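Visitor: pasting the sequence and the predicted coordinates here, then a few questions.
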Amino acid sequence: MRIFLPALALCLLTAAFAEEAVLRPGETLEALAERAMGQAGLWRLLLAVNEDLAGRDPQAGERLTLPGPEVGWAELVAGDGLVTVGREHGGFEPLHPDTAIAPGDTARTGELSTAELSVGGARVILAPSTGLRLEGSVRSDGASSTLLELLYGRVRAVLDAILGDGEEFRIGGPTAVAIVRGTDFEVASPDPGVTQIAVFRGRVLVEPRLAGEPAGEPFELGPGEGAIIREHGVVRVALPAEPSLLRPEDGASLVFAADARRGVVFEWEAPAGATRVRFQLAADPACANLYDEREPAAGEKLRLELVPGAYYWRAAALDDDGLCGEFSPVRSFEVVVDDTPPGLEIQGWRLGGGGRTLTLWGRTLEAANLVVGAGPVPLSGDGGFEATVPTGAYDGSVPLVVRDAAGNSREYRLVFHIPDLPVGLVGPTGGTGLNTLVSPRGLEPWSLRVALGADYCDWLVGSTVPGYTPLERAVQPWLAISLGLGGWGELSLKAPYVNQIFSGGETFGGMGDLALAGKLSPPAPGDFAYALYARAALPTGPTYPERDEVADYRPPVDLGPGTPDGRAALAAGLALQYDFLKGGVLGNLGYDFAVGGGFEGALGFVWAATGWLSLSVEGQYGVSPYNTFSLVPGFHFRVADLDVSLYLDVPFAADEVLETGLAVVLFEL
């Protein structure tokens, strides 16, 4: 009987293990029986066996127990955040390195809390929001078995040394048990009735525990392999590869202004097949002290507002089943606050383009970018800069804003004064008084100008062409519309009404030829400008049919510059202009395609006498078919938005035309 009863007890104990009624180290059979309620015959028999052994052997006064754990079989190595231990027959208390951990205790971590335990020679790392019951470490006859039970969450076990024969390290989940002798693996229970096992190093034997069915066949997992064990099935997969971290770069120092939002963008490249990424931000390289943990989509970027300090981050890929691969190498970065604004030194400035532009230059100190007026200005390697802005856009001062990489900024202002300069020295339609057909400087970008004017011509000597009644005078009022082409040129259309008076009192009046002109003038903010110009006469009907040669579209009598029928049907050329502080020099050279053809040209000078008056003088030369030379003085007045130009064309030859003209700019849009 003494031999039979212990053997029976061992058999029943084995049966209890099979039914998951595990006799823990240091536990009596009565305690096992109490925990095995529902198996009435089993616990009564176990109690009888224990009492029989105690009654028959007076020396065996203690109840039958399994061998107890060794001293220090489980202890807390490191913990961060909310880490507690739950006693088997009591409540929870904070878990500290000096807290005793007994068999049957449960270690728990709160949100963003981690714990590292040393259990049976293994490092056991509890992730945030994890519960792990420490069943015990049983040693008998040279063999040992460390038993852990994952209740929820995830836990990683690292066994640096290979266990010897007879030694086992087990972590159980709701539906499987992982058995190892030396490896690095993770067991997770993301949902009730689901166990995930991922192996990073070594090999793991998995014993499925499938509800309602016989236990599944054990199988092994090697490095890079994983399994999802549900209540009614097992899925084996390859673990996702590590993500590639893109930014912040390792060791980066991210500098922000004191009043700026310190938004740090995290970006990675997820491997093929990954649907989510497990992101961790921590205060230490081991990522034990977590600031943040989340699982965004694989292609998503994260932007977090962070306080100044040092940070570490890493990421791991998750597949469709939620199985997590190995974490990427940890990257570090630093968030720094810089509250010192950059500096700016203006070394000099000058007015150009007849006062239309302001050029300034200088050097920045610790600046990343500079904005002068309304536009950014490139900086040289040593922080130097040079910028040109239009004076018309600013009321006597130009703002300069310098900004550093952290976002600190400082504003400066350069105050300037234009000494009595007219606004825009742009040639005849612009109102300088010059009679040059085209000036390189045109209208402001995409603008419209409407002007009225009148020309008067007086022949000093009557015409000597046979068969023609001498023409004495011509009066030509006109309307001109000009369109600015976005700073790259100008188109204009001039419509005259001509009243021609012949000797003897004969008068013919009617619409003159429409004059269409255009120019291409690249933006020139400096002192020098150039343009290509062309003009054409569009016939609207001869003024006096019986005297016109319609085929040549030019009367045999030269009516003088500016008269509708006295110029070529087509001409083109090049115009140049150079400005200085209170004036400018203008000139043009072109070819007149009229009957006989020939060159035309002009050279003029304009001077700003005051802010409302400018004077000009111009010399003109023309061919086709007669050589013409004239001197053209002009006057330009500007009062508020009203522009008035007056010119006088004085010929050098006695038989040429004396011409005068008046132009008034009505409005400009």
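Guide: Structure received. Residues are numbered from 1 along each chain as shown.
Visitor: hmm, Ser113 and Leu82 touching each other?
Guide: Yes - if you go by C-beta atoms under 8 Å, Leu82 and Ser113 touch, sitting 4.7 Å apart. Glycine gets a C-beta too; all of them are placed from N, C-alpha and C.
Visitor: and Gly392, that's in a strand?
Guide: No - Gly392 sits outside any strand when classified using DSSP: H, G, I helix; E, B strand; the rest coil, being helix.
Visitor: re earlier: who has more neighbours, Leu82 and Ser113?
Guide: The neighbour comparison of Leu82 against Ser113 (other C-beta atoms under 10 Å) goes to Ser113, with 21 against 16.
Visitor: contacts only, for that one.
Guide: Ser113 is in contact with Gly79, Asp80, Gly81, Leu82, Val83, Pro128, Ser129, Leu290, counting by C-beta atoms under 8 Å, 6 or more residues apart in numbering.
Visitor: against Val158, how distant is the second one?
Guide: This points to Asp80. From Asp80 across to Val158, the span is 18 Å (C-beta to C-beta, to the nearest Å).
Visitor: which residues in the stretch 501-650 of the chain form strands?
Guide: Secondary structure of the stretch 501-650 of the chain (DSSP state E, counting those that start in this stretch): strands at 507-511, 514-520, 528-538, 570-580, 583-592, 598-608, 613-622, 628-639, 642-651.
Visitor: how about CSV for those, with distance to Gly396 added?
Guide: As requested, the strands of the stretch 501-650 of the chain are exported to CSV (distance: least, C-beta to C-beta, whole Å):
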stretch, distance to Gly396
strand 507-511, 47
strand 514-520, 31
strand 528-538, 24
strand 570-580, 20
strand 583-592, 22
strand 598-608, 18
strand 613-622, 21
strand 628-639, 18
strand 642-651, 22
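Visitor: possible to save these as TSV with distance to Ala178, mean neighbour count and mean pLDDT?
Guide: Shown next, in TSV, are those (distance: least, C-beta to C-beta, whole Å; neighbours: other C-beta atoms under 10 Å; pLDDT from 0 to 100):
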stretch	distance to Ala178	mean neighbour count	mean pLDDT
strand 507-511	102	14	77
strand 514-520	80	18	83
strand 528-538	82	19	83
strand 570-580	86	20	82
strand 583-592	90	21	82
strand 598-608	92	20	81
strand 613-622	95	20	78
strand 628-639	92	18	78
strand 642-651	92	19	77
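Visitor: those: which one's closest to Phe333?
Guide: Phe333 lies closest to strand 528-538 among these, at 50.8 Å (C-beta to C-beta).
Visitor: can you pull the pLDDT of Val465?
Guide: We have a pLDDT of 49 for Val465.
Visitor: excluding chain neighbours, what is closest to Pro190?
Guide: Gly322 (5.6 Å; C-beta to C-beta, 6 or more residues apart in numbering).
Visitor: shouldn't that neighbour be within a strand?
Guide: No - counting by three-state DSSP, Gly322 is not found in a strand; it is coil.
Visitor: roughly how far apart are it and Gly362?
Guide: 59 Å.
Visitor: compare the two and say which is more crowded by neighbours.
Guide: Gly362 (19 against 16).
Visitor: that one and Ile346 touch, don't they?
Guide: Yes - the criterion here is C-beta under 8 Å, and Gly362 meets it with Ile346 at 4.2 Å.
Visitor: what's the neighbour count on Phe333?
Guide: Phe333 has 20 nearby residues by other C-beta under 10 Å.
Visitor: might you report the residue contacts of it?
Guide: Taking C-beta under 8 Å, 6+ apart, we find Phe333 in contact with Pro248, Glu249, Asp250, Gly251, Ala252, Ser253, Leu254, Val264, Ala310, Tyr311, Trp313.
Visitor: may I have the strands that pair with the host helix or strand of it, each with its orientation?
Guide: Following DSSP states H and E, one finds Phe333 within strand 331-338. Applying DSSP bridges, strand 331-338 is found paired with strand 252-257 (parallel), strand 309-318 (antiparallel).
Visitor: give me the element Val398 is part of.
Guide: strand 397-403.
Visitor: what lines up beside that strand in the sheet?
Guide: For strand 397-403, pairing defined by DSSP bridges yields strand 369-372 (antiparallel), strand 409-415 (antiparallel).
Visitor: how far off centre is the last one?
Guide: Taking C-alpha atoms, centre = their mean, to the nearest Å, one finds the center of strand 409-415 at 26 Å from the center of the full chain.
Visitor: and the contacts of that strand?
Guide: 257, 341-344, 346, 349, 358, 360, 396-403.
Visitor: buried ones among those?
Guide: Ala257, Pro341, Pro342, Leu344, Leu358, Leu360, Val398, Leu400, Val401, Val402, Arg403 (16 or more other C-beta atoms under 10 Å).
Visitor: next, give me the two most distant ones among those.
Guide: Maximum distance among those (C-beta to C-beta): 29.7 Å, for Ala257 and Leu358.
Visitor: rewinding a little: which of the strands paired with strand 397-403 has the lowest mean pLDDT?
Guide: Among the strands paired with strand 397-403, strand 409-415 carries the lowest mean pLDDT, a mean of 90.
Visitor: quick check: next helix or strand after it?
Guide: Past strand 409-415, the next helix or strand by DSSP H and E is strand 448-459.
Visitor: alpha carbons only: can I get that next one in PDB?
Guide: Extracted C-alpha coordinates of strand 448-459, given in PDB (Å, rounded to 0.1, in the frame of the first residue of the first chain):
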ATOM      1  CA  LEU A 448      -4.300  99.300 -69.500                       C
ATOM      2  CA  ARG A 449      -3.800 103.000 -70.400                       C
ATOM      3  CA  VAL A 450      -6.100 105.300 -72.300                       C
ATOM      4  CA  ALA A 451      -4.800 108.600 -73.700                       C
ATOM      5  CA  LEU A 452      -6.100 111.500 -75.900                       C
ATOM      6  CA  GLY A 453      -4.000 113.800 -78.000                       C
ATOM      7  CA  ALA A 454      -3.700 116.000 -81.000                       C
ATOM      8  CA  ASP A 455      -1.000 116.800 -83.600                       C
ATOM      9  CA  TYR A 456      -0.700 119.900 -85.700                       C
ATOM     10  CA  CYS A 457       1.500 120.100 -88.900                       C
ATOM     11  CA  ASP A 458       2.400 123.300 -90.700                       C
ATOM     12  CA  TRP A 459       4.300 123.200 -94.000                       C
END
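Visitor: sounds good, over and out.
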